[in-house]
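Participant: coords below, sequence missing:
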Ligand SMILES: CC(C)=CCC/C(C)=C/CC/C(C)=C/COP(=O)(O)OP(=O)(O)O
């Protein structure tokens, strides 16, 4: 009996202090082997394995949770840096340009490559714009929660994201569309990030330069489909150019104080009454009026489009006229919301009534 008790206690000593100190699965059977198996030690071993298993599961859960947290955090930062909603609008205009520049059959794979490439280059341009405007964005209520001013991502990390996604997007366009489309995308990135962005703090002419940037994507889409640009490829870019002026003028008027706090020189900065801002909006709505007729005359669309475009543009012009007559936040907001409806409706009409590019 004494011998048995001694053996049990030596086994207990060899097992219990070792198990918690080590997470090795091999220790328990080794201890059992040394001490001789008994019912008590077998249950200890089973408990030990159970504990090890629970520990491994907990560790795996922790690792998976932290990996998914990190991915979610950076995914969200990339999404916001890319101004995903603006980039989606840019992609829609580029896709519309692709469809308009196609013949009777639209190459769906080519359309997808063009949209993906455009999305990537636009994401890069938008990220660079934010890298250069950290201090200004931090002073504006509209932008202070963006990833860079709020410190959720470092400028170097954001710049690396911009460089890689921009290079990948341009390469995709060069390989799967053509060099003309890739060149237009790369030049537009340079125009937006390196000309428009610094100009925002210097002179209100920046809005006109920004309008050129917004007008290039449909041209890029057309170039990707047709491998050339021609006169009738200019209808949608022209519509986008003129459309951006009432759209951004309304925004600059509505967020005037915020833009001033951020150090941006919009037209509304030098125009507290809003009269000039409203006149620029109206003038550019008027420039859009003949576009529907031109699209029909140049064989881009059927006559239905010119009818629809005239109706839509008249609606926007009425909005701009009431902004001119009464430059208040209410009329500016109405024109801004009208401009948000106008563009998708105009593009839908263009696609619906397009005549295949010859
Ligand atoms: C293919 C390619 C490169 C496309 C780029 C298209 C693009 C980024 C268009 C945006 C046009 C524009 C003037 C946005 C306003 O920027 P903002 O700086 O005034 O906006 P913010 O005040 O919100 O930062």
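Facilitator: Perfect, I can see it now. Here the structure is a predicted model, which is why all the values come from computation and not from measurement.
Participant: for the residue of the stretch 201-350 of the chain found nearest the ligand, what are its contacts?
Facilitator: Nearest to the ligand, among the residues of the stretch 201-350 of the chain, is residue 210, at 2.9 Å (Cβ to the nearest ligand atom). (C-beta placed from N, C-alpha, C; glycine too.) Contacts for residue 210 were tallied using Cβ atoms under 8 Å, 6 or more residues apart in numbering; they are 192, 196, 244, 248.
Participant: take those residues and write them to CSV, including secondary structure and distance to residue 111.
Facilitator: As requested, the contacts of residue 210 are arranged in CSV below (DSSP: H, G, I helix; E, B strand; the rest coil; distance: Cβ to Cβ, whole Å):
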residue, secondary structure, distance to residue 111
192, helix, 23
196, helix, 27
244, helix, 24
248, helix, 28
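Participant: that older thread, and the pLDDT for the residue of the stretch 201-350 of the chain closest to the ligand?
Facilitator: Per-residue pLDDT puts residue 210 at 97.
Participant: and stretch 316-325, what's buried?
Facilitator: Residues of stretch 316-325 classed as buried under the neighbour-count rule (16 or more other Cβ atoms under 10 Å) are 316-317, 319-324.
Participant: ok so, going back, near the ligand, from the contacts of residue 210?
Facilitator: Counting by Cβ under 6 Å from any ligand atom, residue 192 from these sit close to the ligand.
Participant: pull out the buried members of the contacts of residue 210.
Facilitator: Buried by 16+ other Cβ under 10 Å: 192, 196, 244, 248, out of the contacts of residue 210.
Participant: any idea which of those residues is closest to residue 138?
Facilitator: Nearest to residue 138, judged by Cβ to Cβ, of the buried ones among the contacts of residue 210 is residue 196 at 19.8 Å.
Participant: which ones are touching the closest one?
Facilitator: Taking Cβ under 8 Å, 6+ apart, we find residue 196 in contact with 206, 209-210, 213.
Participant: okay, and residue 104 sits in which element?
Facilitator: Counting by DSSP states H and E, no helix or strand carries residue 104.
Participant: same thing with residue 319?
Facilitator: helix 303-325.
Participant: what about that helix, average pLDDT?
Facilitator: Summarised as a single mean, pLDDT over helix 303-325 is 96.
Participant: from the chain's centre, how far out does that helix sit?
Facilitator: Here helix 303-325 is found 30 Å from its chain centre; the criterion is Cα atoms, centre = their mean, to the nearest Å.
Participant: where do the strands sit along the stretch 251-358 of the chain?
Facilitator: Secondary structure of the stretch 251-358 of the chain (DSSP state E, counting those that start in this stretch): no strands located.
Participant: can you pull the poorly scored residue ranges out of it?
Facilitator: Applying pLDDT under 70 to the stretch 251-358 of the chain flags the ranges 357-358.
Participant: neighbours of residue 348, how many?
Facilitator: Burial of residue 348 is recorded as 12 neighbouring residues (other Cβ atoms under 10 Å).
Participant: relative to residue 318, how far out is it?
Facilitator: Applying Cβ to Cβ, to the nearest Å, the value for residue 348 to residue 318 is 21 Å.
Participant: sounds good, over and out.
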